[in-house]
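**Q** here is my input, please return the structure:
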Amino acid sequence: MKGFFSFILVLFIILFLINITNFFDDQIHTRNKIINQLIEIEYYACQKTILENNVDNLIEFKLNEQLNSSNFDLIFAKQKVNQTLLTFLKNKASQSDMFLENEHELSLDFLNQTTSLELFETKNIKYAQFVFTSNISKNKNISKVFGKNFKIIFKIPINYSKKVIIIDA
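**A** Residues are numbered from 1 along each chain as shown. You can find the predicted model right below:
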């Protein structure tokens, strides 16, 4: 009888240890899954930040270029800025509605219709402002949604503006 109870006790302890091992394996698997998702989120957040910074820098560069070349032809200057923006965002973002649905490929016509540009020069000041105005009903965006199980959204907000002022001494 002693041997039987010892066998049952050892069997119970072995089953208990197997259950604990499975529990910890599940915990490790869950932890690794969470870590991988956090890495993916950080990667897409980085991609979003890169897009935002590059859009800002490209627009600022093109505005500076127009002011430094004393090009105050609004149509030509706006075309130059929008063409540069389109070239950069071509396969990186799309036009969409305010709910980030109904995506369409970006086009130069869309950018020309949804942006405005101001350029002027006074005695010793040159000023340029680029604005993403959207359309009349304010329901068009330039956006990109990153991620599958989560969403990180790159979006040029309506009324986004970039100003450049050059003061000549």
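**Q** who are the contact partners of K48?
**A** Going by CB atoms under 8 Å, 6 or more residues apart in numbering, K48 touches 144, 146, 152-154. For the C-beta atoms, the positions are set from N, CA and C on the backbone; glycine is no exception.
**Q** out of the helices and strands in the protein, which is least certain?
**A** The weakest-scoring helix or strand in the chain, judged by mean pLDDT, DSSP states H and E, is helix 2-68 (a mean of 87).
**Q** what is the subsequent helix or strand relative to it?
**A** Tracing the chain past helix 2-68, the next element assigned as helix or strand by DSSP states H and E is helix 74-89.
**Q** from I14, how far off is the nearest residue to L67 once chain neighbours are set aside?
**A** Excluding its sequence neighbours, the residue lying closest to L67 (CB to CB, 6 or more residues apart in numbering) is K126, at 4.4 Å. Using CB to CB, to the nearest Å, K126 is found at 82 Å from I14.
**Q** please identify which of the two sits among more neighbours.
**A** K126 (20 against 10; other CB atoms under 10 Å).
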